[in-house]
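>>> Take a look and give me a structure for this.
(chains A and B, ligands or ions: 2)
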Amino acid sequence: MNALEIEGLEKVYANGTRALHGIDLVVESGDFFALLGPNGAGKSTTIGIISSLVRKTAGTIRVFGHDLTRQWFEARLSLGIVPQEINFSQFETGLEIVVNQAGYYGLRRRLAMERAEKYLGLLGLWERRNDPSRTLSGGYKRRLMIARALMHEPRLLILDEPTAGVDVELRRSMWTFLQDINRGGTTIVLTTHYLEEAESLCRHLAIIDEGRIIERTSIKKLLATLPTETFVLDLDATLDTLPDLPHYALRLRDPSTLEVEMTRGQDMNDLFVRLTQSNVRIRSMRNKSNRLEELFLRLVNRNPELTNDNGQA
Amino acid sequence: MDRREVLLVAFATIVRKEVTRFVRIWPQTILPPAVSMTLYFVIFGNLIGARVGQMGGFSYIDFIAPGLIMMSVMNNAYANVVSSFFGAKFQHHIEEMLVAPMPNWVILAGYVTGGVLRGLAVGIVVTVIAMFFTQLRVSSAAAVAGILMLTTVLFSLGGLVNAIYAKKFDDISIIPTFVLTPLIYLGGVFYSIDLLPRLWRAVSYANPIVYMVDTFRFGLLGAAHVHVGTAFAVVSLFVLALGAYALWLLENGTGIKS
Ligand SMILES: Nc1ncnc2c1ncn2[C@@H]1O[C@H](COP(=O)(O)OP(=O)(O)O)[C@@H](O)[C@H]1O
Ligand SMILES: [Mg+2]
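Ligands and ions are numbered 1, 2, ... in the order given. Predicted coordinates:
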């Protein structure tokens, strides 16, 4: 059973902007799926159409087999949406917001209160349930939107850039939370322009650019296709000249930082042995950039603002 | 889940939220009409009314009391829906309802019920105030209940349509100021349309508010200009037409969906 099937989805906005040029996408039930792409690629437009907030120009969408237009009742019942922008009343409290949302999905008051306690609790919001939502910080507001989307326990949870503008610590805890939800059986689709996010969380992904899906694969396969990978080595002492290691592409970024580009098949152990022989001691090592990022650059063959980790869509 | 139960709970949730909203901000919703109606009764009813003498066969204060009650009911039903629905659009929490498995007619019914309840709540407050100034009686409870129902529904629908089209806060005060207030003032709240020259009397009958005010006055005082049956037919027609239009706008996503 597929959680989400999108066929030939097109969107032309009233001002003439062609945001989607015929998107086809399938997300299997139980998957943790990333829709990845730079700002303006059409991620929010796609999610807006799935959420019934944006009118599609053409195409069909099915949620667990239910056509979103003709069987909207069943389709919407199985959908939970966390939008990109804050969209709850600034005058209501967190508790009112989630309990009302549950009511819109037909949950009676008592059940809604139980769920509120559960999900506000899980997201660390229970203590602040009676605060007007406008007094919550940005991170809390995002978590409130996640709690709200879970109140009716949807089988498919869609999040539009859930961690944009969220600090690192909170981002990690949101990741853990989403992984737990996914392990519990909920299919998750998230959009992101943080490539690291897709790499750490998701099993499958699609890359969207200028309203078209340009790649649809599993994270594993995608990473395996990468020809090279660059590592950054922090050195114990400073170096003036590069050590002479013929088979390795080395570069001295600064006197205490070495970069090495490894091709597939090259051996880390061998590299370390040779560096040790040359009296270069390594204190720590990390990936230079996200590998997906390198891949993305190859795929779209241009230089988008993707590498900017602070970018806001 | 059973579909009917979902829709029923969803409807009740909107109504509850709407009532909570206008009760929470009562200094903005209930208090102002109470203050202004007290002034109307003191100034027009007592001070000026004493010099006016009889109007339409009743003392002036008895004559205007039903009109003033109706005026606050109309204004408040309209104001509730226009500001609440526009607020929901403006802060985007209308999206909470649009993603949910709830058809547009439930959204419409929920907001209209909220407007009706605010109109009636204010109507009760103003009626209590009126009782300090004059003796109110009810000559036809059916006419009173029926016309209150239709009027509050009609004005709630008007507020909804206004909110759907509104793009900024100014847009939700233009219609009340330039359309509703003149129509209400010219709708026979303060004078009997018998006093008008023939031409203006005829023009007045094109104003639907004349039918509502007159029928409500009939329900209380027992005397009417317009035929009560005609009045109900006219107002019902307006309700149906505006209701269908509002629903069509929602289905279309006008002013809500891009
Ligand atoms: N309401 C709108 N009216 C007109 N154009 C829009 C609207 N919303 C988005 N767009 C345009 O559609 C394209 C896709 O935008 P969006 O779906 O928000 O991208 P993303 O979420 O991937 O950053 C962009 O060119 C954007 O400017
Ligand atoms: Mg976006």
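>>> How far does stretch A:204-219 sit from its chain's centre?
Distance of stretch A:204-219 from the chain centroid (Cα atoms, centre = their mean, to the nearest Å) equals 12 Å.
>>> Name the helix or strand of chain A that has the lowest mean pLDDT.
helix A:291-300 (a mean of 65; mean pLDDT, DSSP states H and E).
>>> Quick check, B:Met37 in contact with B:Ile129.
Yes - here B:Met37 lies in contact with B:Ile129, judged by Cβ atoms under 8 Å, at a distance of 5.6 Å. All C-beta spots, glycine's among them, are computed from the backbone N, C-alpha and C.
>>> Can you give me the pLDDT of B:Leu31?
Per-residue confidence at B:Leu31 stands at 93 (pLDDT).
>>> now the residue nearest to the spatial centre of chain A: how far from A:Thr60?
In chain A, the centroid-proximal residue (Cα atoms, centre = their mean) is A:Thr192; its distance is 3.8 Å. Note on A:Thr192: its distance to A:Thr60, by Cβ to Cβ, to the nearest Å, is 25 Å.
>>> go on, A:Ile97?
Using Cβ to Cβ, one gets 32 Å for the distance from A:Ile97 to A:Thr60.
>>> Start from the N-terminal end of the chain and give the helices.
You didn't pick a chain, so chain A it is. For chain A, the helices defined by DSSP state H cover A:43-50, A:72-77, A:94-104, A:109-122, A:138-150, A:168-183, A:195-201, A:219-224, A:268-277, A:291-300.
>>> nope, chain B
Ranges of helices in chain B, per DSSP H, are B:3-24, B:26-29, B:31-40, B:49-52, B:60-90, B:94-98, B:104-133, B:141-165, B:171-175, B:181-185, B:198-204, B:208-221, B:228-252.
>>> Pull the residues that contact the fourth one.
So that's helix B:49-52. In this structure, residues lying in contact with helix B:49-52 by Cβ atoms under 8 Å, 6 or more residues apart in numbering or on different chains are B:59-61, B:64.
>>> Closest one to ligand 2 out of those, please.
Relative to ligand 2, the closest of the contacts of helix B:49-52 is B:Ile64; by Cβ to the ion it sits at 56.6 Å.
>>> OK, contacts around the closest one?
Counting by Cβ under 8 Å, 6+ apart, the residues that B:Ile64 touches are B:40, B:44-45, B:49, B:55, B:189-190.
>>> For the closest residue to A:Leu9 other than its chain neighbours, list the residues it contacts.
Leaving out its chain neighbours, the residue that sits closest to A:Leu9 by Cβ to Cβ, 6 or more residues apart in numbering or on different chains is A:Gly59, at 3.5 Å. A:Gly59 is in contact with A:6-10, A:22-23, counting by Cβ under 8 Å, 6+ apart.
>>> so where is chain B shaky, pLDDT-wise?
Applying pLDDT under 70 to chain B picks out residues B:1.
>>> interface residues of it facing ligand 2?
Counting by Cβ under 5 Å from the ion, chain B comes close to ligand 2 at no residue.
>>> where does chain B come near chain A, residue by residue?
Counting by Cβ under 8 Å from any Cβ of the partner chain, the positions of chain B adjacent to chain A are B:1, B:3, B:5-10, B:12-14, B:16-17, B:20-21, B:87-88, B:91-93, B:95-102, B:253, B:257-258.
>>> Which part of chain A gets nearest to ligand 2, residue-wise?
For chain A, Cβ to the ion, closest residue to ligand 2: A:Ser44, 3.1 Å.
>>> Measure how buried that residue is and give me the count.
Residues lying near A:Ser44 (other Cβ atoms under 10 Å in any protein chain shown) number 21.
>>> ok, back up a step: figure out which of the helices of chain B is closest to A:Asn182.
A:Asn182 sits nearest to helix B:94-98 of all the helices of chain B, at 24.0 Å, using Cβ to Cβ.
>>> what about the closest one, near ligand 1?
No - Helix B:94-98 does not reach ligand 1 (Cβ under 6 Å from any ligand atom); its nearest approach is 13.5 Å.
>>> hmm, who's touching that helix?
With Cβ under 8 Å, 6+ apart as the contact definition, helix B:94-98 has outside contacts at A:51-53, A:83, A:87-88, A:97, A:100-101, A:104, A:148, B:14, B:85, B:88, B:107, B:256-257.
>>> next one: stretch A:245-257
Outside of stretch A:245-257, the residues within contact range by Cβ under 8 Å, 6+ apart are A:232-235, A:237-243, A:258-262, A:266, A:271, A:274-275, A:278.
>>> So which bits of it are buried?
A:245, A:248, A:250, A:252 (16 or more other Cβ atoms under 10 Å in any protein chain shown).
>>> for stretch B:148-157, same thing?
Result for stretch B:148-157 [16+ other Cβ under 10 Å]: buried residues B:148, B:150-157.
>>> just stretch A:269-289 next, same as before
For stretch A:269-289, a neighbour-count test (16+ other Cβ under 10 Å) marks A:271, A:274-275, A:280 as buried.
>>> now, which of the residues you listed sits nearest chain B?
Nearest to chain B among these, counting by Cβ to the nearest Cβ, is A:Leu271 at 52.3 Å.
>>> Give me the spatial nearest neighbour of that closest one, chain neighbours excluded.
Leaving aside its sequence neighbours, A:Leu271 sits nearest to A:Tyr248 (Cβ to Cβ, 6+ apart; 6.2 Å).
>>> list the contacts for residue 130?
With no chain named, the answer covers chain A. Applying Cβ under 8 Å, 6+ apart, we find A:Asn130 in contact with A:93-95.
>>> Actually, chain B is the one I wanted.
B:Ala130 touches B:37, B:41, B:65, B:68-69, B:136, counting by Cβ under 8 Å, 6+ apart.
>>> Quickly note the distance from it to B:Ile48.
Separation of B:Ala130 from B:Ile48 (Cβ to Cβ) stands at 16 Å.
>>> Kindly report the same for A:Thr187.
71 Å.
>>> ok, these two, which is more surrounded?
A direct count of neighbours by other Cβ under 10 Å for A:Thr187 and B:Ile48 places A:Thr187 higher, at 25 against 14.
>>> wait, the more buried one sits on A:Asn2?
No - if you go by Cβ under 8 Å, A:Thr187 and A:Asn2 don't touch, sitting 9.2 Å apart.
>>> Could you name every residue contacting both of those two?
Listed as contacting both A:Thr187 and A:Asn2 by Cβ under 8 Å, 6+ apart are A:27-29.
>>> Which one (most neighbours) among these?
Neighbour counts for the shared contacts of A:Thr187 and A:Asn2 peak at A:Val27, which has 23 neighbours (criterion: other Cβ under 10 Å).
>>> Please name the residues that touch the closest residue to it other than its chain neighbours.
Nearest residue to A:Val27, sequence neighbours excluded (Cβ to Cβ, 6+ apart): A:Leu4, at 4.2 Å. By Cβ under 8 Å, 6+ apart, the contact list for A:Leu4 reads A:25-27, A:50, A:61-63, A:156, A:187, A:189.
>>> follow-up on the earlier one: from the contacts of B:Ala130, which is closest to chain A?
For the contacts of B:Ala130, the residue nearest chain A by Cβ to the nearest Cβ is B:Met37; the value is 27.0 Å.
>>> Near the closest one, how many other residues are there?
Applying other Cβ under 10 Å, I find that B:Met37 has 23 neighbouring residues.
>>> swap in B:Ala141?
So B:Ala141, with other Cβ under 10 Å, has 10 neighbours.
>>> measure the nearest residue to it once chain neighbours are set aside to B:Arg16 for me?
Excluding its sequence neighbours, the residue lying closest to B:Ala141 (Cβ to Cβ, 6+ apart) is B:Gly219, at 7.3 Å. B:Gly219 sits 30 Å away from B:Arg16, going by Cβ to Cβ.
>>> Compare these two (neighbour count), which wins?
Set B:Gly219 next to B:Arg16 and count neighbours by other Cβ under 10 Å: B:Gly219 wins out with 22 against 17.
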